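1. With the input below, show me the fold.
(chains A and B)
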Amino acid sequence: MDTLLNNLDVFVDGFALTIQVFLWSALFALILGTVVGAMRVSPVAPMRAVGTGYVNLVRNTPLTLLMFFFAFGYPKLDLPSVSYTTLSIFALSLYSATYVAETLRAGINTVPLGQAEAARAIGLTFGQSMSQILMPQAFRAVIPPMMSVFIALLKNTTVAAGFSVAEAGAIRATLSERGEPAIVVLLWVALLFVLLVAILSFVQRKLENGLKVLR
Amino acid sequence: MSNVLFDAPGPRARVRHRYIGAVTLAAVVGIFAFILLRFVETGQFTADKWELFTIPFVHAKILEATVATLQAFGLAALLSLILGLLLLVGRVSKHRWISVPTYLFVELFRAIPLLILMMIMYYGLPPLGFSFVTPFIAVVTGLTLYNGSVLSEVFRAGIESLPMGQAEAAYAIGMSKTQVMRMILLPQALRAMAPVIVSQLVVVLKDTALGFIVTYQELLYLAKFYGAQPNYGSPIIPSTIVMAAIYISLCLLLAGVAKYIEVRTKRGPAKNIRAQQLVNEAA
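-> Modelled structure (predicted):
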C-alpha cells in the first residue's frame, strides 16, 4: 500500500496518460475502422480489395512492430516531428482500426437480407433503409463486440511503455529509480488495469442486456 | 452481386462504381507513393544502408532470431493449449471450490495486459529469489498464462455451442462425466473451434514481439541492434523492413492455416453427413 501511496503522483500521471492514449486511439480507430469497414462491404470491387488488403496485412502485423516502426523509423523520414505519445496513438489506431472494421462488417452481416429487401420493396430510398432499418439493427449487434475491441485496445496501450511513452506500463521503470520493489509496483499496475477492464466489461454487459436483439 | 446493403447495380451504378474504384485506387497509390518517396528522399534505399544485410554472418543472426521467435511461440502455443484444457476442466467442474478459483484465475489473467505480465516475470520475480527467470522464461510464461486463459474460454464456448442432446445421450448410455467430456464434447468442440484456436495462435505469434520490450533476443531486438550500426549508416528503416517481412510472413502463413481449416471444416460436416448416409444406405 505504501508503494502506491508514496508514489501516487507517478501512478496518477501514468494512468492519466494511459487513459488519454486510450481515448484518442479509440476515437481514431473508430473513424478509420468505420471507413475501412465501409470499404469492406462496399459494392465497388477495388474498395473491397483495398479494405481486405489493409485488414489482412495490419491484422497480421504485431502491434509491437508497428510501434517500433513509428517510434524508430518515423523520425528518420524528415516528416513533421511529433511526440512519442502521438506516434504510439498512430500505431494503436492503425492496429485497432482493423478490429473495428471487422466488427462492423460482422455486425452488418447479422442483419438478415430480408430486412433490406423488405425495405426496398416498400419503396424506401437507400438513405432511408440505411438509417431506419439497417443501421439500428446492425448497431445493436455491433456494440458488445466493439467493447471487446476497446478492452483489447486499453490493454494494448501498455505496449507504448516500451517506446518512451510514460504511461502506466512505464511506471515500473520510473519507480525503480526511487528504489521501489518492482514486483509491488507491477502488481499495483496490474490490479489497476484489472479494475479498468472490469469497468469496461461492466459497461459492456449493461449495453449487451439493454440492446439484445431477439430474433 | 446483391447483399444486405446494396441491390445488384444497374448500368448507371456500374459506371459510377468504376469511377469510385478508380478514385480509390488512385488514393491508395498516392499514399504508397508518398511513403516510398519519403523513403527515397531520406536515402533509405541507398546501397550502403542495405549492405549490412548482404553479409552471411548477418543472415545467420537473422535466422537465429527467427528461430528464437519461433521457439518462444512454439513452446508458448503448446503450453497454452495444455493450460487451456486444464482450466476448462476446472471451469466446468461441479465442485465449486475448483470452478470458482478457476473462473477467477481465467478472468484475472485475461484482464492483465500481457506486457505487464511479462514485466512481472522479468523484473518482479528475480529480486524475490527467482533468479532463473530469463527473458525467454518470462515471455513464455506470460504468453502461456494469458493465452491459456483465453483458450479455455474458447474451448468452453465450443462446448456450449454443441446441442444439449450430445451430452444427454452420452449420459443416457451410462458414460461418466469424464468420459462425456473426453469422448463426446471435447472432440466436437475442438473441431468446431479449430479455426478460432488457430487464430488465437496467430495472436500468440504476434505477441512474441512483446519479448522485445523485456529484452528477449528475437527479431525486433535484432532490428534495433542492426538499425543502430553507425558504420552502415544506422539502417533502422531497412532493418525494420527486413524483420517486418519475416514477422508478417510468419503470421500470414499461420493465418492462412486458420483460413484453410475454416474452409475445410465448413465443408467437412456436410461431407460427413453424406458419408454417414452412404454408410447407412450400405448397412
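
2. CA atoms for contacts and neighbours, from now on please.
-> Fine.

3. pLDDT below threshold where in chain B?
-> B:1-4, B:266-283 (pLDDT under 70).

4. Could you check which residue of it lies nearest chain A?
-> Using CA to the nearest CA, the single residue of chain B nearest to chain A is residue B:124, 3.9 Å away.

5. and that residue, how many neighbours?
-> For residue B:124, the neighbour count with other CA atoms under 10 Å in any protein chain shown is 22.

6. Repeat that for the one 4 residues further on.
-> Summarising burial for residue B:128: neighbours were counted as other CA under 10 Å, giving 11.

7. that older thread, in terms of contact, does the residue of chain B closest to chain A touch residue A:180 like I think?
-> No - counting by CA atoms under 8 Å, residue B:124 sits too far from residue A:180 to count as a contact (10.9 Å).

8. still on that earlier bit, so where does the closest residue to the residue of chain B closest to chain A other than its chain neighbours fall, helix or strand?
-> Excluding the flanking residues, the one nearest residue B:124 by CA to CA, 6 or more residues apart in numbering or on different chains is residue A:183, at 3.9 Å. Element membership of residue A:183, judged by DSSP states H and E, is helix A:182-211.

9. now do residue B:150
-> If you go by DSSP H and E, residue B:150 is part of helix B:135-160.

10. Determine if any part of that helix is in contact with chain A.
-> No - against chain A, helix B:135-160 shows no contacts by CA under 8 Å from any CA of the partner chain, the least distance being 12.0 Å.

11. and stretch B:27-38, how far from the chain's centre?
-> Centroid displacement of stretch B:27-38 relative to its chain, using CA atoms, centre = their mean, to the nearest Å, is 30 Å.

12. Can you dump the C-alpha atoms of it in PDB for me?
-> Extracted as PDB, the C-alpha positions of stretch B:27-38 are listed here (Å, rounded to 0.1, in the frame of the first residue of the first chain):
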ATOM      1  CA  ALA B  27      -5.800   7.400 -53.500                       C
ATOM      2  CA  VAL B  28      -4.100   4.200 -52.400                       C
ATOM      3  CA  VAL B  29      -1.400   4.500 -55.000                       C
ATOM      4  CA  GLY B  30      -0.900   8.100 -53.800                       C
ATOM      5  CA  ILE B  31      -0.400   7.100 -50.200                       C
ATOM      6  CA  PHE B  32       2.000   4.400 -51.100                       C
ATOM      7  CA  ALA B  33       3.900   6.700 -53.500                       C
ATOM      8  CA  PHE B  34       4.100   9.300 -50.700                       C
ATOM      9  CA  ILE B  35       5.600   6.800 -48.300                       C
ATOM     10  CA  LEU B  36       8.000   5.500 -50.900                       C
ATOM     11  CA  LEU B  37       9.000   9.000 -51.800                       C
ATOM     12  CA  ARG B  38       9.800   9.800 -48.200                       C
END
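
13. which residues sit against that stretch?
-> A:50, A:77, A:78 (CA atoms under 8 Å, 6 or more residues apart in numbering or on different chains).

14. How about stretch B:234-248?
-> Here stretch B:234-248 makes contact (CA under 8 Å, 6+ apart) with A:57, A:60-62, A:65, A:69, A:72-73, B:44-45, B:49-50, B:66, B:206, B:219-220, B:223-224, B:226-229.

15. now, which of those residues lie within strands?
-> Among the contacts of stretch B:234-248, no member is found in strands (DSSP state E).

16. Narrow those residues to those in helices?
-> Using DSSP state H, the subset of these located in helices is A:57, A:65, B:49, B:50, B:66, B:206, B:219, B:220, B:223, B:224, B:226, B:227.
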